[in-house]
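Colleague: take a look and give me a structure for this.
(one chain, ligands or ions: 1)
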Amino acid sequence: MTVLTPAVRDHVLSLPADELPAYVYDLAALREHAAAVRAALPERVELYYAAKANPEPEILAALGRYVDGYEVSSGGELAHVRKAVPGRPLAFGGPGKTPAEIASALELGVERFHVESVHELHVLAELARRADAKAGLLLRVNLAVSDDSLVDSSLAMGGRPTPFGLDPTDADAVVRLLTDGTYPHLELRGVHAHLASGLRAPEQLAVAGSIVTWATGLAARHRVRLAEVNVGGGMTVDYAAPGLRFDWAAYGAGLSRLTAAHPDLTLRIEPGRAMAAYCGWYATEVLDVKHSHGEEFAVVRGGTHHLRTPATKGHDQPCSILPVDTWPHPWPRPAAQQDRVTLTGQLCTPKDLLARGVPAPRLRAGDRVAFALAGAYAWNISHHDFLMHPRPGFHFLARGGPGPHAPTAG
Ligand SMILES: Cc1ncc(COP(=O)(O)O)c(C=O)c1O
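Modeller: Presented below is the predicted three-dimensional model:
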């Protein structure tokens with residue numbers, strides 16, 4: 001069970017059944033969280049929001065005061081974010097950028113390109129020359145980190161063979177190209193590495209330290225100034241313990257030591273999940289409760305075609321049950337007989353599991369369920385059109401209490 005903010009709880013209970021399922025976002029809670037994250041970070045650490053976590057314009061705008069810029073990973077995200085939060089600095093990352101995407105990024109005046117390969121560097125150089133534009137870039141590098149920092153990550157994107165970033169063995173040749181006059185339209189600003197998702201503060205700090213050490217070594221070898229090091233996102237969100245949050249205070253203190261040791265360096269982070277996950281709920285109602293071979297299942301309106309997060313990560317989505325005492329129908333009301341119920345969606349696949357074994361002793365059809373931690377990698381990663389069920393509603397609550405203070409973990 002999770003704690004709902006009062007604003008979300010009231011809103012979910014006020015919606016008519018035929019307006020469910022719905023995504024409900026508490027923007028006041030998002031702002032409060034973002035303000036706390038910003039306050040925990042030292043001054044010389046820039047915070048970019050990774051828009052892929054949740055690119056809803058209301059979310060991008062609500063974060064505006066607390067972030068220094070936005071990280072985008074496709075031409076589509078680039079155009080969308082430029083429009084939603086005009087004038088804000090953008091970093092354009094992602095493997096497999098097409099020439100058309102790069103040209104449009106140059107046209108839109110993107111401040112930073114995260115260059116992911118030698119080929120991409122050549123394309124960017126030529127398109128910048130043609131546009132007579134100066135392109136600022138960071139080299140995304142797939143660094144091996146020496147200790148066990150990535151062992152516990154939920155999704156490693158670096159430190160092992162992957163399609164992301166440059167192999168470190170290519171970095172010296174690339175820096176030579178960028179410093180010997182070959183590519184006058186390109187300006188090397190620094191190094192970028194996003195190595196994993198799902199890391200807690202101590203591992204994140206170890207990774208950040210490794211990236212900075214590697215980047216300063218590269219700069220020293222080539223006698224160039226690398227002014228910026230982006231150490232990526234990937235701060236953990238614990239779906240099994242939704243009350244525990246990434247320890248931003250410890251992380252900020254560690255980054256502060258790192259910036260103190262490198263006074264000429266601007267550090268940057270680009271979290272997505274740990275910024276947006278907590279502000280969103282996927283709310284729905286129980287349609288049916290049934291017994292099957294000794295277990296109980298509640299089928300809810302909607303499912304993983306709207307909220308794919310539990311299917312893709314293989315977890316049980318944390319949720320709150322909101323009992324509804326009225327039953328307006330003439331037919332009998334299905335109700336759970338056992339203490340634990342598995343919550344599934346309406347899809348014709350056994351993979352449409354939202355949460356297994358939820359403690360919900362008297363769950364009935366018509367009760368409401370609010371799935372928490374649905375503010376990131378939820379709607380936007382889901383396969384909406386499968387089975388052609390209606391789309392959910394979207395509600396952005398601008399006011400409302402932020403909910404109880406959450407303890408920190410890790
Ligand atoms: C390059 C890059 N930066 C940042 C992020 C954001 O990661 P997270 O949402 O885990 O913080 C991702 C996620 O895949 C990414 O690929």
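
Colleague: mind checking pLDDT for Arg160?
Modeller: Reported pLDDT at Arg160 in the predicted model: 82.

Colleague: count the residues that sit near Gly159.
Modeller: 20 (other Cβ atoms under 10 Å). Bear in mind the C-beta positions are built from the backbone N, C-alpha and C, glycine included.

Colleague: now it: which helix or strand?
Modeller: Here Gly159, judged by DSSP states H and E, is contained in no helix and no strand.

Colleague: surely it touches Ala196?
Modeller: Yes: counting by Cβ atoms under 8 Å, Gly159 touches Ala196, with 7.4 Å between them.

Colleague: all helices for the stretch 51-200 of the chain, in order.
Modeller: For the stretch 51-200 of the chain, the helices defined by DSSP state H, counting those that start in this stretch cover 57-63, 75-84, 99-107, 118-131, 171-179.

Colleague: which other helices and strands does the third one contact?
Modeller: In terms of contacts (3 or more Cβ pairs under 8 Å, 6 or more residues apart in numbering; DSSP states H and E), helix 99-107 is packed against helix 75-84, helix 118-131.

Colleague: out of the ones you listed, which comes closest to Asp385?
Modeller: helix 75-84 (17.6 Å; Cβ to Cβ).

Colleague: quick one: contacts of the closest one?
Modeller: For helix 75-84, the surrounding residues in contact (Cβ atoms under 8 Å, 6 or more residues apart in numbering) are 51-52, 55, 57, 60-61, 70, 72, 88, 90, 92, 97-98, 100-101, 104-105, 108, 110.

Colleague: which of those count as buried?
Modeller: Using 16 or more other Cβ atoms under 10 Å as the burial test, these include 51-52, 55, 60, 70, 72, 88, 90, 92, 97, 101, 104-105, 110 as buried.

Colleague: pull the most distant pair out of those.
Modeller: Leu60 and Lys97 (21.1 Å).

Colleague: format the helices and strands packed on helix 99-107 as JSON lines; extra columns: mean neighbour count and distance to the ligand.
Modeller: Formatted as JSON lines, the helices and strands packed on helix 99-107 follow (neighbours: other Cβ atoms under 10 Å; distance: least, Cβ to the nearest ligand atom, whole Å):
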{"stretch": "helix 75-84", "mean neighbour count": "18", "distance to the ligand": "12"}
{"stretch": "helix 118-131", "mean neighbour count": "17", "distance to the ligand": "14"}
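
Colleague: okay, the ones you listed in TSV with mean pLDDT and distance to Val141 next?
Modeller: Putting those into TSV (pLDDT from 0 to 100; distance: least, Cβ to Cβ, whole Å) gives the following:
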stretch	mean pLDDT	distance to Val141
helix 75-84	97	22
helix 118-131	98	12
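
Colleague: in JSON lines, list these along with distance to Thr326.
Modeller: Formatted as JSON lines, those follow (distance: least, Cβ to Cβ, whole Å):
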{"stretch": "helix 75-84", "distance to Thr326": "40"}
{"stretch": "helix 118-131", "distance to Thr326": "59"}
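
Colleague: any idea which of the buried ones among the contacts of helix 75-84 is the one closest to Ala35?
Modeller: For the buried ones among the contacts of helix 75-84, the minimum distance to Ala35 (Cβ to Cβ) is 16.1 Å, reached by Leu60.

Colleague: I'd like to know how far the closest residue to the closest one other than its chain neighbours sits from Leu387.
Modeller: Once flanking residues are discounted, Leu60 sits nearest to Ala84: 4.6 Å by Cβ to Cβ, 6 or more residues apart in numbering. Ala84 is 30 Å from Leu387, where distance means Cβ to Cβ, to the nearest Å.

Colleague: quick one, domains of the protein?
Modeller: For the chain, automatic domain parsing gives the domain ranges 6-23+278-409, 89-271.

Colleague: could you export these as a markdown table, including distance to Leu30?
Modeller: Output for the domains of the chain, formatted as a markdown table (distance: least, Cβ to Cβ, whole Å):
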| stretch | distance to Leu30 |
| --- | --- |
| domain 6-23+278-409 | 4 |
| domain 89-271 | 13 |
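
Colleague: please name whichever of the ones you listed is nearest to Glu43.
Modeller: Closest approach to Glu43 among the domains of the chain is made by domain 89-271 (8.2 Å; Cβ to Cβ).

Colleague: endpoints of that closest one, how far apart?
Modeller: 15 Å (Cα to Cα, to the nearest Å).

Colleague: mean confidence for stretch 211-223?
Modeller: For stretch 211-223, mean pLDDT is 97.

Colleague: any idea how far that stretch is from the middle of the chain?
Modeller: With Cα atoms, centre = their mean, to the nearest Å as the basis, stretch 211-223 stands 29 Å off its chain's centre.

Colleague: hmm, it touching the ligand?
Modeller: No: judged by Cβ under 6 Å from any ligand atom, stretch 211-223 stays clear of the ligand, getting no closer than 12.8 Å.
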